[in-house]
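Peer 1: Got a sequence here, can you build the structure:
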Amino acid sequence: MLYDYLKNKLSQNKFREFGPHTLIYEDDRDKIIVYITKDNMVMIHDGPGVVHGMEMIQITENPSNFDTKKEMEDWFNHKYLQRILGRF
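Peer 2: Alright, predicted model coming up:
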């Protein structure tokens, strides 16, 4: 569910699918790769226009922990999406 959420939201920021569980943003100068596993979100980011580095964020949420889809999406936005977009 997290991958589908990020794929939908990040496509608006020129990210594209790079592999079965991977999204990539790539332009002439910068590259951000987001890889989602069952337990982690891994980000690799480098270039003069992004804060460069690598991060691994543990995924602890279970969709059944949320009462509504909106509550889940708000959490995904806060915990994952904003961390990716904050690299720019």
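Peer 1: so how far is stretch 34-50 off the chain centroid?
Peer 2: 7 Å (CA atoms, centre = their mean, to the nearest Å).
Peer 1: Sketch out the strands for the protein, chain order is fine.
Peer 2: Along the chain, counting by DSSP state E, strands occupy 16-19, 22-26, 31-36, 40-46, 53-58.
Peer 1: tell me the most buried of those?
Peer 2: Comparing the strands of the chain on average neighbours per residue, with mean count of other CB atoms under 10 Å, the densest one is strand 31-36 at a mean of 20. C-betas here are computed from N, CA, C, even on glycine.
Peer 1: coming back round to it: which of the strands of the chain sits closest to L2?
Peer 2: L2 sits nearest to strand 31-36 of all the strands of the chain, at 6.0 Å, using CB to CB.
Peer 1: Tell me which strands the closest one pairs with, and in which orientation.
Peer 2: Taking DSSP bridges as the criterion, strand 31-36 sits next to strand 22-26 (antiparallel), strand 40-46 (antiparallel) in its sheet.
Peer 1: the inter-axis angle of it versus strand 53-58?
Peer 2: Orientation note: strand 31-36 sits at an angle of 20 degrees relative to strand 53-58 (axes from the mean of the first three to the mean of the last three CA atoms, to 10 degrees).
Peer 1: so E61 touches W75, yeah?
Peer 2: Yes - assessed by CB atoms under 8 Å, E61 is found in contact with W75 at 6.5 Å.
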